[in-house]
Each structure stands twice: as structure tokens, then as C-alpha cells.
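> requesting a structural model of the entry that follows:
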Amino acid sequence: MSIFDEIKADPMNKAYTEKGWDPIFNAPKTAKIVIIGQAPGSKVQNSGIMWNDESGNRLREWLGVSKEEFYDSGDIGVIPMDFYYPGKAKSGDMLPRKGISEKWHPALLKQMVDRQLTILVGSYAQHYYLHLKSSAKTTDTIRNYEEYWPKYFPIVHPSPRNNIWLARNPWYEKDVVPALQKRVRDILGPQKTTD
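Numbers count the residues shown, from 1 in each chain. Sure, this is the predicted structure:
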């Protein structure tokens, strides 16, 4: 049984499987870069295509990769902290369920033997993977991104909800995004152009 089928069969995911929902992730064995985010949004869950929304467009821009490179190259893996849309909260979406990443991420990461960089999108993934204190501020984590090299690169979530944060922190797009793009290109090589 594949990991995809095992996740669908997990009793923790029974309610989602009964709805006909598939887990949203992509873990190609050839991945050199892995992106770990929070959980799929409703649009992504409905389409079945990860980062298939405004946030995804901005993420690809920040990475400096095309849609083809992101989806079809086999160089980029995507694992959310929870594989299913968690539902709406008062502000934004609900948090990923506890226990999902602990149970499934090790097996998914293990099969991506060529990975050279893990990009941590948002505070939830950053606290989990960087073992941050609960009091750690996302802005400080991202500002000090070089502390986590070469294994990790923490970035802010590209959601339009963070437009105010981006406006207040112009250093992010001035300094952090170019460093991220360079790191991505150093790993993936020059972007292939299509005729």
C-alpha cells in the first residue's frame, strides 16, 4: 500500500475520506527542495492541486520558479502540516490537527533522499521544525533566517492576509526574498525556458 493510501486509510482521516477528499501533498523521490506549509485551503482541497491559489502564485514568485518547475519537474516536494482543509476559524482557517505531522512526515521525508533545503512556510511549521519556544516571534525567526541554513529557510506565509505584515516589513521582500531565490537557483540550477 502506498503512503497516499495509508494516509487515506488512517482512522484519524476517516471523516475526510468519507467526504471523498484526498490528502494534499507531493513527495517525489527526486525532490531537492521541500516546502512545508500549514494545511490546504478550501480552494486547494476542492481542486486537489497544492498551492493552487493566490498564496501559491506569490509563493512561486518568491521562489523564482515557474508553474511547470513547481508542479512538473520532480524537484519540489510539498508537505503540509495537515493533509486536509481544516475548516474556517474566526480569523482565517483552523489550525492543522495535532499528531498528523508527527505520524506521517518522517516517512515522507525519508523517501526524498536528495532534499537539500526545507522551506518552512509560516509560524506553525517553523515552531515545529525549528523547535522554537512558544514565545518566539515569527518576524524574528524570518529576519534571522540565516541561522537555520543550510537545512531550513523560514518564510512568512504568502497569503494576502499578510499584506499588512509585508507593508510593515519591507526588508522581507528587499533582502529575504532575493536570498531565497538565490538559494533555490543554487540548488535547482538555471531555470529552463520553454519555447
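> ranges for the helices of the protein?
Secondary structure of the chain (DSSP state H): helices at 3-9, 14-18, 42-47, 54-63, 67-72, 100-111, 123-130, 138-143, 163-168, 171, 177-188.
> how about residue 71, what does it touch?
residue 49 (C-beta atoms under 8 Å, 6 or more residues apart in numbering). Glycine gets a C-beta too; all of them are placed from N, C-alpha and C.
> about what we covered before: out of the helices of the chain, flag the one nearest residue 24.
helix 42-47 (6.1 Å; C-beta to C-beta).
> how far does the closest one sit from the chain's center?
15 Å (C-alpha atoms, centre = their mean, to the nearest Å).
> any weak-confidence spans in the chain?
Low-confidence segments of the chain (pLDDT under 70): 192-195.
> need the residues that contact stretch 156-171.
Contacts with stretch 156-171, where a contact means C-beta under 8 Å, 6+ apart, come from 37-38, 54-56, 58-59, 62, 92, 121-122, 138-139, 142-143, 172-173.
> and it, which residues are buried?
By 16 or more other C-beta atoms under 10 Å, the buried positions in stretch 156-171 come out as 156-159, 162, 169.
> now do stretch 50-59
Buried residues in stretch 50-59 (16+ other C-beta under 10 Å): 50-53, 55-56, 58-59.
> what's the span of it, first residue to last?
In terms of C-alpha to C-alpha, to the nearest Å, the two terminal residues of stretch 50-59 are separated by 12 Å.
> tell me the contacts of residue 130?
Counted by C-beta under 8 Å, 6+ apart, residue 130 has contacts 120, 141, 148, 152, 154.
> going by distance to residue 26, which of those wins?
Closest to residue 26, out of all of the contacts of residue 130 and judged by C-beta to C-beta, is residue 120, at 16.7 Å.
> quick one: that closest one and residue 132 touch, right?
No: using C-beta atoms under 8 Å, residue 120 is not in contact with residue 132, being 10.3 Å away.
> more neighbours, those two?
Remark: of residue 120 and residue 132, residue 120 carries more neighbours, 25 against 16, as counted by other C-beta atoms under 10 Å.
> what are the buried residues along stretch 171-183?
Quick answer for stretch 171-183 (16+ other C-beta under 10 Å): 172, 176-177, 180, 183.
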